[in-house]
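> fold the stuff below for me.
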Amino acid sequence: MNAADKGVDDAEFDEFGGAIGQGQVRTIRAPWGPSTVTRVRKAVVADLRARDLDEQTIDESEIVVSELMTNAIRHARPLADGCLRVRWKVRGEVVEVEVTDGGGDTTPVPAPAAVWVSSGRGLRIIRSLAHEWGVGEDKGGQTVWAAMGGPSRRRAT
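The predicted structure follows:
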């Protein structure tokens, strides 16, 4: 029996208090900082594995969530509570991951290809792995999202 077949009383919980493999949508309020990236990535992977998703989709989601969080920490501000909001939704074989931060000075766009730079490839990596991705802004901040395993119900921007 996988985690999705268990009741909440039987579920395992990740370090953020979320029931692994339960529900269609998971949200984590992750403390701002580089050390959080690994912790959130592990929580996302554990949740997706409990749902018996395709290993390629899990691997792509792992890389994408790491890149989204790293970009938010590097190029934007935290939300008002000092956190990032990481949300993922599973619909069939499609995983949609989003990271919301307090916004930055610029809108995220993939950097031009450059051979000798040591950074700036995050959105290009996301673009190459995701079926689609986009950026949304509101008063509280900015959300960058990506869908792996197929199209999302959003419209890419």
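> counting contacts, what elements does the worst-scoring helix or strand of the chain on mean pLDDT pack onto?
None of the helices or strands of the chain scores lower by mean pLDDT, DSSP states H and E than helix 122-129, at a mean of 80. Applying 3 or more Cβ pairs under 8 Å, 6 or more residues apart in numbering; DSSP states H and E, one finds that helix 122-129 makes contact with helix 55-75, strand 132-138, strand 141-148. C-beta here means a position set from N, CA and C on the backbone, and glycine is covered the same way.
> and Gly21, how many residues sit next to it?
21 (other Cβ atoms under 10 Å).
> so what pLDDT did it get?
Here, the pLDDT recorded for Gly21 equals 93.
> hang on, it packs against Val44?
No: contact status for Gly21 versus Val44: not in contact, 11.6 Å apart, counting by Cβ atoms under 8 Å.
> who touches stretch 87-97?
Contact with stretch 87-97 is made by 24-28, 44, 47-48, 51, 53-54, 57-58, 61, 64-65, 68, 86, 98-100, 131, 145-154, as judged by Cβ atoms under 8 Å, 6 or more residues apart in numbering.
> count of neighbours near Ala50?
That count, for Ala50 with other Cβ under 10 Å as the rule, works out to 20.
> and for Ser128?
With other Cβ under 10 Å as criterion, Ser128 counts 11.
> and stretch 71-81, what's buried?
Asn71, Ala72, Ile73, Ala76, Arg77, Pro78, Leu79 (16 or more other Cβ atoms under 10 Å).
> ok, the last one - contacts?
With contact taken as Cβ under 8 Å, 6+ apart, Leu79 is in contact with Arg85, Thr100, Asp101, Gly102, Gly140, Gly141.
> could you report the neighbour count for the second one?
Right, the one you point to is Thr100. 24.
> what do you get for the fifth one?
Burial measure for Gly140: 13 neighbouring residues, criterion other Cβ under 10 Å.
> could I get the pLDDT score of Gly136?
Looking at Gly136, the pLDDT reads 88.
> should've said Ala76
92.
> and if you look at Asn71?
For Asn71, the predicted pLDDT is 90.
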